[in-house]
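Undergrad: With the input below, show me the fold.
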Amino acid sequence: MAVFGVLAAALGVVGLVAPDALISLMGFAPVPGPGGDRAPGDHTLVFLTASSMAAVNMGVYYILAALADWRAFFRWTVPFRLLTCAVFTAAVVTGRAPAGFLGVGLWEGLGAALTGAALWHETRRRTGDGGRSHGHRVI
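TA: Model (predicted):
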């Protein structure tokens, strides 16, 4: 959780400070207008500023949740990160986003899987019964 939080916050800061660097990192090509400026009506930087600020905030939430050892928060992140993985992957598959953006979806999916596995393993370790006290069967 803390690692994801630090990475999310750091990438959010990159998006706020050097938006074209973040655009390139995600596999998008910057689209400058005449003279190196963006074309009139191009609101890419507005959306990037909003999502970068959200990433900074989300990163801080993850770091604080990790410091507080807030397991409920950890559980909540799993299905929503899987949903994010599905939406971002679908965006690439349908041509709405470039192939480089697939890494963002895979990062979310991997993060969800690792978080879910860690929570499952920890529950098994705490109960000492392989999860049977929670209605789970061990095969």
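Undergrad: Every contact and neighbour count from this point should use C-alpha atoms.
TA: Noted.
Undergrad: Give me the pLDDT value at the spatially most central residue of the chain.
TA: What sits nearest the mean C-alpha location of the chain, by C-alpha atoms, centre = their mean, is Glu108, with 4.8 Å. Predicted confidence (pLDDT) at Glu108: the value is 93.
Undergrad: per-residue confidence at Gly103?
TA: The score at Gly103 is 88. That number is its pLDDT.
Undergrad: Burial check on the closest residue to it other than its chain neighbours, number of neighbours?
TA: Leaving aside its sequence neighbours, Gly103 sits nearest to Met26 (C-alpha to C-alpha, 6 or more residues apart in numbering; 7.9 Å). Met26 has 17 neighbouring residues, counting by other C-alpha atoms under 10 Å.
Undergrad: Met26 and Pro98: what is the separation?
TA: Noted for Met26: a distance of 8 Å to Pro98, by C-alpha to C-alpha, to the nearest Å.
Undergrad: Which residue is the nearest non-sequential neighbour of Thr49?
TA: Thr49 sits nearest to Leu16 (C-alpha to C-alpha, 6+ apart), 5.8 Å away.
Undergrad: Which element, helix or strand, includes that neighbour?
TA: Using DSSP states H and E, Leu16 maps to helix 2-17.
Undergrad: As PDB, could you dump the C-alpha coordinates of that helix?
TA: In PDB, the C-alpha atoms belonging to helix 2-17 read as follows (Å, rounded to 0.1, in the frame of the first residue of the first chain):
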ATOM      1  CA  ALA A   2       2.700   2.400   1.000                       C
ATOM      2  CA  VAL A   3       4.700   1.700  -2.200                       C
ATOM      3  CA  PHE A   4       1.700   2.300  -4.400                       C
ATOM      4  CA  GLY A   5       0.900   5.500  -2.500                       C
ATOM      5  CA  VAL A   6       4.400   6.800  -3.000                       C
ATOM      6  CA  LEU A   7       4.400   6.000  -6.700                       C
ATOM      7  CA  ALA A   8       1.000   7.500  -7.200                       C
ATOM      8  CA  ALA A   9       1.900  10.700  -5.400                       C
ATOM      9  CA  ALA A  10       5.200  10.900  -7.200                       C
ATOM     10  CA  LEU A  11       3.700  10.400 -10.700                       C
ATOM     11  CA  GLY A  12       1.000  13.000  -9.700                       C
ATOM     12  CA  VAL A  13       3.700  15.500  -8.900                       C
ATOM     13  CA  VAL A  14       5.400  14.700 -12.300                       C
ATOM     14  CA  GLY A  15       2.100  15.400 -14.000                       C
ATOM     15  CA  LEU A  16       1.800  18.700 -12.200                       C
ATOM     16  CA  VAL A  17       5.400  19.800 -12.800                       C
END
